[in-house]
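In: model the structure of this input:
(2 chains)
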Amino acid sequence: MSSVASVGGRRVETAASVARRDAWLRRLPLLPAFVYVVFVTQIPFLLTIYYSFFSWNLLKPGSFKFAGAENYARLLTDESIRTAVWNTVVLTLAVIGISVVLGLAVATLLNSEVFGRGFMRTLMIAPFLIMPTAGALIWKDTLLNPLFGLLPNLLTPFGLGRVDWVNRFPMATVIAVEVWRWTPFMMLIILAGLQSQNPEVLEAAKVDGASAFQAFRRITLPLVRPFLELGALLGSLFVVQTFDSIYMLTYGGPGEDTTNVPFLLYLVAFQGFSIGQASAIGVVAVILTTIVATFALRTLFSIFRVEARR
Amino acid sequence: MSTKVVTGRQFPTSKVLWSVVGWLVVFVFFFPVLWMWLESLKTEPQAASSPPTIVFVPTLEEFQTVLSGDFPPFFINSAIASLGSTLLVLILGLPAAYALSIRPVKRTQDVLFFFISTRFLPFAASLVPLYLLARDLQLLDNIFALGLIYTTINLPLGVWLLRSFLLEIPPELFEAARVDGASFTTELRRIVVPLIAPGIAATSLICLIFSWNEFFYAVNFTSSTAATAPIFLVGFISGRGLFYAKLAAAATLASLPVLLAGWIAQKQLIRGLTMGAVK
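Out: As a prediction, this is how the structure comes out:
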């Protein structure tokens, strides 16, 4: 373009308009998707912020009125929102922590020379693919049911029979079912990391007299660390939104023992029809998620850069 | 004699040992799925016996009950919403991915960041206005409206994923095509689509998994005519009496499409789940 710029005033304008035309030609394929996403996510979010300053119950016609920060004030004082945030944090940390550790263990097993690796991997990813609502019901009714479930029957000889797991340990049950679902996800990502490792480096370490544990800690672990981080962060973005299994297993109960933020939102919006209050929860949830997501996306971008450098 | 640091190749015993451990672990994880299949092949009294029936003559009775009952419309709704939204994601996502890779717009990174941030916006962010909009437009309990919501959920993943595949196409191919005077659509048809067939497969797989299994919007935006397969399973929560075999059969059928697709396209799964970051 610099060659055009030197020609003269009139030509520069033409060059600029050509450049503008080119920029729009480049933008054109992007526009449909971009406009669609803005329309379905950004405009509603602005409306959510707007509604969050109103008191409005759908079941009470004419109840729409400005409420200032009342909905937010209630969030600060309300016991159930605090419980829900706490439950969300507990659920997310427990599920991600346990499934990353288990995923690393299983991935390490599947990366070593064992019989039938491919088939093991195939079976292993099934829990992630099973419909979550279906999985939760299978756990609740056929595995954990105190009367007919397999587990209480198997545990009877150990004096643990007839334990109503879902009602006595609701949070632990939800965590267990979610760990069952997310461990395969972590395993897949970590396994990809392990397989990108150069086996010769490990051989060399062994020749130099490193123990298997030392080699794992000093060589393998640093290498798969970005994969662990990626799995944990992507996973937590999904687990924070857990709804299906809570709905199916405990319906948030007993009491509020397993009510997390998405489930509370469901209760407020679709059982209580408190539009203003639900919107305030939405705004707070966005702020909390943005904090986690910022870290997640940064990790993602850094991995992309590593990929690009290759 | 450092027998502690053995590798599988030299000492098959450790290979056998680790194989046993590995298979035990895999069995524990796979067992609920296996148990679901076993239960679905029992009769109701066998499925609800205590202690559980282990040895039995398999029967397809409950599958017949489910398939001849009210399950098929739910299944068809799931298929419409998933396949429709997947198609829409490809139609909208492929040109967008092109504009973020082959002939990139300015501030490509920002646009990418924007797209993916919408995927991880909690549904709380836009739920209430979308619900009110759907209600006012008489689109509640409408399967096409649900499909549009699934398109929103999957489009950001689709754009990222397709882009990661487009970046792998050698730029010379496009230069050659442009010298020959190929238009944008010709480029898409002749170069992009054939070369990123695996990318399209991966994108479709991820869209299918997320929309087929989606529950939150399905349960809140549909009630009867547009209800999807996961909603059919809700009917079993409060069910009384003997229903485990029927539940297992329905759960098996509802999970089948995603399970099969995921198993067949295993290679695309990791790349899809990480939006192209991990190959």
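In: compute the number of surrounding residues for the residue in the stretch 201-310 of chain A that chain B sits nearest to.
Out: Nearest to chain B, among the residues of the stretch 201-310 of chain A, is residue A:282, at 3.6 Å (CB to the nearest CB). (C-beta placed from N, C-alpha, C; glycine too.) Neighbours of residue A:282 under the rule other CB atoms under 10 Å in any protein chain shown: 29.
In: before we move on, what about residue B:200?
Out: When counting by other CB under 10 Å, one arrives at 20 neighbours for residue B:200.
In: can I assume the residue of the stretch 201-310 of chain A closest to chain B is in contact with residue B:129?
Out: No. Applying CB atoms under 8 Å, one finds residue A:282 not in contact with residue B:129, separated by 9.4 Å.
In: which neighbours do these two share?
Out: The contact sets of residue A:282 and residue B:129 overlap at residue A:48 (CB atoms under 8 Å, 6 or more residues apart in numbering or on different chains).
In: how much space between residue B:105 and chain A?
Out: In this view, residue B:105 and chain A are 5 Å apart by CB to the nearest CB, to the nearest Å.
In: do residue B:210 as well
Out: 10 Å.
In: burial of that residue, as a residue count?
Out: 20.
In: which residues touch it?
Out: By CB under 8 Å, 6+ apart, residue B:210 lies in contact with B:150, B:153, B:154, B:157.
In: CSV for those, including pLDDT?
Out: Compiled in CSV, the contacts of residue B:210 are given as follows (pLDDT from 0 to 100):
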residue, pLDDT
B:150, 92
B:153, 88
B:154, 91
B:157, 89
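In: which of those has the most neighbours?
Out: The most crowded member of the contacts of residue B:210, judged by other CB under 10 Å, is residue B:154 (28 neighbours).
In: ok, that residue - contacts?
Out: Contacts for residue B:154 (CB under 8 Å, 6+ apart) come out as B:85, B:86, B:89, B:206, B:207, B:210, B:211.
In: what's the helix or strand for it?
Out: Residue B:154 is located in helix B:143-166, with elements delineated by DSSP states H and E.
In: regarding the residue at minimal distance from the centre of chain B, what is its secondary structure?
Out: Most central in chain B under CA atoms, centre = their mean is residue B:209, positioned 0.7 Å from the mean C-alpha point. Secondary structure for residue B:209, judged by DSSP: H, G, I helix; E, B strand; the rest coil, is helix.
In: one more: residue B:53?
Out: Assigned with three-state DSSP, residue B:53 falls in the coil class.
In: okay, and the residue nearest to it when sequence neighbours are not counted sits in which element?
Out: In space, and not counting its chain neighbours, residue B:53 is closest to residue B:46: 4.3 Å by CB to CB, 6 or more residues apart in numbering or on different chains. Element membership of residue B:46, judged by DSSP H and E, is helix B:44-47.
In: got the buried residues for that helix?
Out: Buried residues in helix B:44-47, counting neighbours by 16 or more other CB atoms under 10 Å in any protein chain shown, are found at B:44, B:46, B:47.
In: please apply the same query to stretch A:164-177.
Out: If you call a residue buried by 16+ other CB under 10 Å, then stretch A:164-177 has these buried ones: A:165, A:166, A:170, A:171, A:173, A:174, A:175, A:176, A:177.
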